[in-house]
Every structure is written in C-alpha cells, then in structure tokens.
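1. Structure, please.
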Amino acid sequence: MPEARTPAQIEADIVRRREQLAETLDEIGVRMHPKTIVGDAKAKVASKVDHTVGRAVVAVNRLVTDVKGGLRHEDGAPRVERIVPVALVAAGLVGLVVLTARRKRG
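-> Sure thing, here's the model as predicted:
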C-alpha cells in the first residue's frame, strides 16, 4: 500500500506542476507568436533559396566546363571552327541587350 503523503508534499507537488505548466505555456506562446512563425517561414525559404542557388551554380559550372572543353582540341589548341560561332552568338546577344535597353530608355 502506498504511503500517505503529507499536505506539505502535496502542496510542493502542486507548486512544481504549476511551474512546469507555466514554462510549457510560455514556450507555446513563443512558438505561436506571429514573429516566431514569420521568422521560421523566412528561414525555411532562405534555406530553400540557398539550396536552389547552390544547385544552379553547380549546373552552370558544369556547363561552362563542358563548353570550355568543346572549344579546345585534346592537345590544348583552340578550335577556331567552334570559337567563332560562339563569339558571334555572344556578340549578337550583347547587341540585343543593348538595343532593348536603349528602346526602354527612349
């Protein structure tokens, strides 16, 4: 049979449980505060953006490496037959950007 608790023991348990409940309610209040929710959402979005940007950087680096490899022979000499068309396309793109920018200004 369990021992009978004294009124002082029961009161001490009540005080302890009230303190625990108060801590729990404070924690819930912090977690549910709009600023906390917004901060958590911002952190998640930033993490996703960082991950996406990182993947994009890796993909671009891979593409640049592939393009560089295609512009040189195995002995390291430049492949003029590939460099000239790439340069012409790049110049055309730059020209389009410049023309578009001028039209928007004027």
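2. which intervals of the chain have sub-threshold pLDDT?
-> Along the chain, the model assigns pLDDT under 70 to residues 1, 106.
3. Kindly state the domain boundaries assigned to it.
-> 1-32, 35-70, 80-106 (automatic domain parsing).
4. Take those domains and lay them out in CSV including mean neighbour count.
-> C-beta here means a position set from N, CA and C on the backbone, and glycine is covered the same way. Rendered in CSV, the data for the domains of the chain read as follows (neighbours: other C-beta atoms under 10 Å):
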stretch, mean neighbour count
domain 1-32, 9
domain 35-70, 10
domain 80-106, 10
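5. could you point out the longest helix in the chain?
-> Ranked by residue count, the top helix of the chain under DSSP state H comes out as helix 34-70.
6. which is the next helix or strand following that one?
-> Elements were assigned by DSSP states H and E; along the chain past helix 34-70, the next helix or strand is helix 80-105.
7. how far off helix 34-70 does that next one point, in degrees?
-> Between the direction of helix 80-105 and that of helix 34-70, the angle (axes from the mean of the first three to the mean of the last three C-alpha atoms, to 10 degrees) works out to 140 degrees.
8. Start at 9, not 1
-> Sounds good: first residue 9 from here, last item helix 88-113.
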